[in-house]
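K.L.:
here's my sequence, what's the structure:
(2 chains)
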Amino acid sequence: MLRTHTNGELRLTDINKEVTLCGWVQVVRDKGGMIYIDLRDRYGITQLILEESKTDKAVLDTVRTLSREFVIAATGTVIERLAKNDKIPTGDVELKVSNVTILNPAKLPPFLIEDKTDGGDDIRMKYRYLDLRRNPVRANLVLRHQVAKFTRNYLDNQDFIEVETPVLIKSTPEGARDFVVPSRMNPGEFYALPQSPQTFKQLLMVSGFDRYYQIVKCFRDEDLRADRQPEFTQIDCEMSFIEQEDILNMFEGLIRHLFTEVKGIDIGEVSRMTYAHAMKTYGSDKPDIRFGMEFKELKSEDIDLTSGKGFAVFDDANTVVGICVKGCAEYTRKQMDELTDFVKRPQIGAKGMIYMRYNADGTLKSSVDKFYSEEDLKQWATTFGAEKGDLILILSGDGDKVRKQLNELRLEMGNRLGLRNPNNYSVHWVVDFPLLEYGEEDDRWFAMHHPFTSPKPEDIQYLASGEYGKIRANAYDMVINGVEVGGGSIRIFQKELQAKMFEVLGFSDEEAKHQFGFLMDAFEFGAPPHGGLAFGFDRLCSLFGGSDSIRDFIAFPKNNSGRDVMIDSPSTIDQKQLNELKIKTV
RNA sequence: GGAACAUUGGUCUAAGGGUUAUGAUGCCACUCUGUCACAGUGGUGAAACGAGUUCGACUCUCGUAUGUUCCGCCA
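P.N.:
This is a model prediction of the structure:
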């Protein structure tokens, strides 16, 4: 070792020791007669001190050539500081330097390597290896390491076995676009990178592995967002001889373990709600339930408190639904206009917004007073359970569409009122997802989760009757703070049911055989009942870190266009390579 | 595939159809023996690319590139 200690290590108890430290020069403070150097490594910062009269002239000369980010080794004696610094753990001591070796000089970095850097996202991504020297970024990767470590601990204790599955696999038409890799040895043929190890983990169940997991890279060639990367990591799990309840308990346990070990937080009860309830009450399949504002209906299949009063907007809508915002009756006209503009933005697409104030003096004032009597409004207020000082926001329109719009408004209000503190966590399951959803464009049914998801036994009858929309699946998502962190299902393990599913999804026998014949075959050799789930590892880390962006938790992430601006990929390849692969670009 | 916004010294940024283009920080030089975001003095250094409007464009318009965010998409 070139060093005897790290830069985060020395304390008063080390005084008078001869030590050698290595690291990067954070800053040189040359006061003329004396020079201070902050030496940094991943463990911390230790101050080096040199004095005009006491330090060897040659050493002083060397030190005067140092600048930021030089890599040096410094030898000397640990002494107690005259002026202590209580902001850093090593602040009681300093190293009285007797010798300094420049291990490597450094060009000036394009931005400051400090907790609060002056660099923008762009330049920091280009020099990611420099950005990674900064504490906050490094802390995110340490957090990621912790999450991975405690995941492995937990699953290992539960007898799970980590098995690697291939990365060069086969393209499938369903779902996201595949990244493809040409096969040189098989001209004109391509591998695909896995969107997930789905079929392999099911085959491992057939093999009798019983409890499998893998922290594994997955690849999807779709457009990106702040919380999406073309390559991302899953905690992929599968179990045999279990029911849905066993899965929920097992992985609730995992998340509880992670919160306890990584964050020191007890997450309390992990509640459950059905997909139908989530959609009706929150307009989302991943509701943020840290705050109330549940939807209340003024008009739907079950109720009608709005029709026949001459307000055409409500009369023409099949659904009128709203939220009650506590204590916001005093919102100004300007604030109301902002909210109206918010819901009218093209991304949300509402036509307008109706509001009603429940004033502190007990009066009700709405933007539709012209059409509705005091009595009508009172009835609304009762429906919402509103109290004096509350504000009620109402949207109208078409069923699930208007609920999705109201969901956006609800989240916006949650943000405005500071009800979505990233350090408050609420973990819950959404269960009973529909098995199939209808795709208008292709005029056919699609698997909502994936084609191997099993229907609920009591709903299998609808497979025969063709009422596909009624079929609920043994599928579940885990939601934390309105973010879907994981999901899975109990799988189909009988060949006949799987064949029926492929039929419903519009696969011909041939296609099914071509795409998934190996799985169908496997199911004939004794497939156990099984199911599992996968967690989005990057998202989980970003939640633990209290950030919306998963990029901060990936060492070398890609940008919005799927580019790595540091290594400049993707890039063109030599004609020679193309020839070898028998590939022509168009 | 679509939309919005952005692009000014190394970095972050200000104003404004006519300026010597603002400030901070960095960097360089000098001073400084208890600094730790050291301080002080002085210095250095800038309009993404292309076209147009105009007497005149860093400023307005269009296009291109790049980036960010969103919609579509992501079983």
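
K.L.:
could you use CA atoms for every contact and neighbour count after this?
P.N.:
Will do.

K.L.:
quick check: residues of the stretch 301-450 of chain A near RNA strand B?
P.N.:
Contact residues (C-alpha under 7 Å from any atom of the strand) of the stretch 301-450 of chain A with RNA strand B: A:347, A:446, A:447, A:448, A:449, A:450.

K.L.:
again, only using 10 Å
P.N.:
A:345-349, A:404, A:408, A:435-441, A:445-450 (C-alpha under 10 Å from any atom of the strand).

K.L.:
element containing residue A:579, please.
P.N.:
helix A:575-581 (DSSP states H and E).

K.L.:
go through that helix and flag the buried ones.
P.N.:
Across helix A:575-581, burial judged by 16 or more other C-alpha atoms under 10 Å covers residue A:581.

K.L.:
mind giving me the ChimeraX select for the residues of the stretch 301-450 of chain A next to RNA strand B, buried ones only?
P.N.:
To isolate the buried ones among these in ChimeraX, judged by 16+ other C-alpha under 10 Å, type:
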select /A:348,404,408,435,436,437,445,446,447,448,449,450
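
K.L.:
any regions of chain A where pLDDT drops low?
P.N.:
Of all residues in chain A, none has pLDDT under 70.

K.L.:
quick one: is the helix or strand residue A:61 falls within near RNA strand B?
P.N.:
In this assignment (DSSP H and E), residue A:61 forms part of helix A:57-63. No: under the criterion of C-alpha under 10 Å from any atom of the strand, helix A:57-63 makes no contact with RNA strand B; the nearest approach is 12.1 Å.

K.L.:
contacts for the helix holding residue A:579?
P.N.:
A:182, A:183, A:184, A:187, A:188, A:584 (C-alpha atoms under 8 Å, 6 or more residues apart in numbering).

K.L.:
now tabulate those in JSON lines and tack on secondary structure, distance to RNA strand B and neighbour count.
P.N.:
JSON lines is the format used below for the contacts of helix A:575-581 (DSSP: H, G, I helix; E, B strand; the rest coil; distance: C-alpha to the nearest atom of the strand, whole Å; neighbours: other C-alpha atoms under 10 Å):
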{"residue": "A:182", "secondary structure": "strand", "distance to RNA strand B": "22", "neighbour count": "16"}
{"residue": "A:183", "secondary structure": "coil", "distance to RNA strand B": "23", "neighbour count": "15"}
{"residue": "A:184", "secondary structure": "coil", "distance to RNA strand B": "27", "neighbour count": "16"}
{"residue": "A:187", "secondary structure": "coil", "distance to RNA strand B": "27", "neighbour count": "12"}
{"residue": "A:188", "secondary structure": "coil", "distance to RNA strand B": "24", "neighbour count": "11"}
{"residue": "A:584", "secondary structure": "coil", "distance to RNA strand B": "19", "neighbour count": "8"}
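
K.L.:
run through the neighbouring helices and strands of the helix holding residue A:61.
P.N.:
In terms of contacts (3 or more C-alpha pairs under 8 Å, 6 or more residues apart in numbering; DSSP states H and E), helix A:57-63 is packed against strand A:93-104.

K.L.:
for the strand it packs on, which strands pair with it and how are they oriented?
P.N.:
Next to strand A:93-104 in the sheet, as set by DSSP bridges, lie strand A:44-51 (parallel), strand A:71-80 (antiparallel).

K.L.:
out of those strands, nearest to residue A:365?
P.N.:
strand A:44-51 (59.7 Å; C-alpha to C-alpha).

K.L.:
quick one: that closest one near RNA strand B?
P.N.:
Yes: Strand A:44-51 comes into contact with RNA strand B (C-alpha under 10 Å from any atom of the strand), by way of A:45, A:46, A:47, A:48, A:49, A:50, A:51.

K.L.:
okay, now the sheet partners of the helix or strand harbouring residue A:438, with direction.
P.N.:
Following DSSP H and E, the helix or strand that holds residue A:438 is strand A:436-439. With DSSP bridges as the test, strand A:436-439 is paired with strand A:444-447 (antiparallel).

K.L.:
and residue A:279, what does it touch?
P.N.:
With C-alpha under 8 Å, 6+ apart, residue A:279 has these contacts: A:285, A:400, A:403.

K.L.:
against RNA strand B, how distant is residue A:285?
P.N.:
11 Å (C-alpha to the nearest atom of the strand, to the nearest Å).

K.L.:
for that residue, grab the count of nearby residues.
P.N.:
23 (other C-alpha atoms under 10 Å).

K.L.:
can you pull the contacts of it?
P.N.:
Neighbours of residue A:285 in contact, by C-alpha under 8 Å, 6+ apart: A:275, A:278, A:279, A:430.

K.L.:
determine which two of these are furthest apart.
P.N.:
A:279 and A:430 (10.2 Å).

K.L.:
all strands for the stretch 201-350 of chain A, in order.
P.N.:
A:211-219, A:231-240, A:271-274, A:296-299, A:319-325 (DSSP state E, counting those that start in this stretch).

K.L.:
report whether the longest one contacts RNA strand B.
P.N.:
No: Strand A:231-240 does not reach RNA strand B (C-alpha under 10 Å from any atom of the strand); its nearest approach is 10.7 Å.

K.L.:
tilt between that strand and strand A:211-219?
P.N.:
Strand A:231-240 and strand A:211-219 are oriented at 160 degrees to each other (axes from the mean of the first three to the mean of the last three C-alpha atoms, to 10 degrees).

K.L.:
buried residues, stretch A:329-347. List them.
P.N.:
Residues A:329, A:339, A:340, A:341, A:342, A:343, A:344 are the ones in stretch A:329-347 that count as buried (16+ other C-alpha under 10 Å).

K.L.:
tabulate those residues in CSV, adding columns for distance to residue A:525.
P.N.:
Output for the buried residues of stretch A:329-347, formatted as CSV (distance: C-alpha to C-alpha, whole Å):
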residue, distance to residue A:525
A:329, 65
A:339, 59
A:340, 60
A:341, 60
A:342, 56
A:343, 55
A:344, 56
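
K.L.:
what's the farthest-apart pair in these?
P.N.:
The two members of the buried residues of stretch A:329-347 with the most space between them (C-alpha to C-alpha) are A:329 and A:344, at 21.3 Å.
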